[in-house]
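**Q** Kindly return the folded structure for what I paste below:
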Amino acid sequence: MAFPVEAAIGAVATVLVGLLGYRQWKRTKRSGSFIQDREAAYKSIWEALEEVHIYVRGQRYQQDEFDRLVREANTRLIRHALHIDESDRMLAAAYMDALAGVGRVLAEMSESEFAHGMALTAEGMAAPQGYAAAFRAYEDARGAVIRSFRQAIGAGQI
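**A** Numbers count the residues shown, from 1 in each chain. You can find the predicted model right below:
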């Protein structure tokens, strides 16, 4: 009785192909999980940043409350550091700094019509003279965060 060489080679090849396919599937599954976790991290941080933003625009600015919201955002940045690019952490910090500047400006003018308009919409409103730099910094920082976060979660691929 002769050893079936062709059958043995076919069986070994089948097992190897199966193992390679399984290895590739595991790698894809792991990277897919990382991508989903990364997307969730960016969304979580965006929500925290927007809590700060909404507070600044819609409430009477108080440093203690602002600091509490910024701490929450920073805590999320620390917790999700594995998934967030360093450059995006820096953009988030710059955005929060710009929001602090706008908050201080709005606190100074909280009784004015401008402050009321900012709380309601801020669309198309020109900043009063002397405050334009704070609002420009805020708009630039917000735009940079939005563009970078969208790119990080793959929004440009849709």
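
**Q** Just name whatever secondary elements the strand or helix carrying Glu47 is in contact with.
**A** Assigned by DSSP states H and E, Glu47 belongs to helix 5-58. With contacts taken as 3 or more Cβ pairs under 8 Å, 6 or more residues apart in numbering; DSSP states H and E, helix 5-58 sits against helix 63-79, helix 86-108, helix 113-120, helix 132-152. In this view, the C-beta of every residue, glycine as well, is placed from N, C-alpha and C.

**Q** Nearest approach to Gln36 belongs to which of those helices?
**A** When the helices and strands packed on helix 5-58 are compared by Cβ to Cβ, helix 132-152 sits nearest Gln36, at 13.2 Å.

**Q** If you rank every helix and strand of this protein by mean pLDDT, what lands last?
**A** Within the chain, judged by mean pLDDT, DSSP states H and E, the helix or strand with the poorest mean is helix 113-120; its value is a mean of 65.

**Q** OK, contacts around His53?
**A** Leu99, Arg142 (Cβ atoms under 8 Å, 6 or more residues apart in numbering).

**Q** try 7 Å this time
**A** Contact analysis of His53 by Cβ atoms under 7 Å, 6 or more residues apart in numbering lists Leu99.

**Q** quick one: it and Trp46, what's the gap?
**A** 10 Å (Cβ to Cβ, to the nearest Å).

**Q** Name the spans of the chain whose pLDDT lies under the cut-off.
**A** Within the chain, the set of residues satisfying pLDDT under 70 comprises 1, 3, 5, 8, 17, 19, 21-22, 24-32, 110-130, 155-158.
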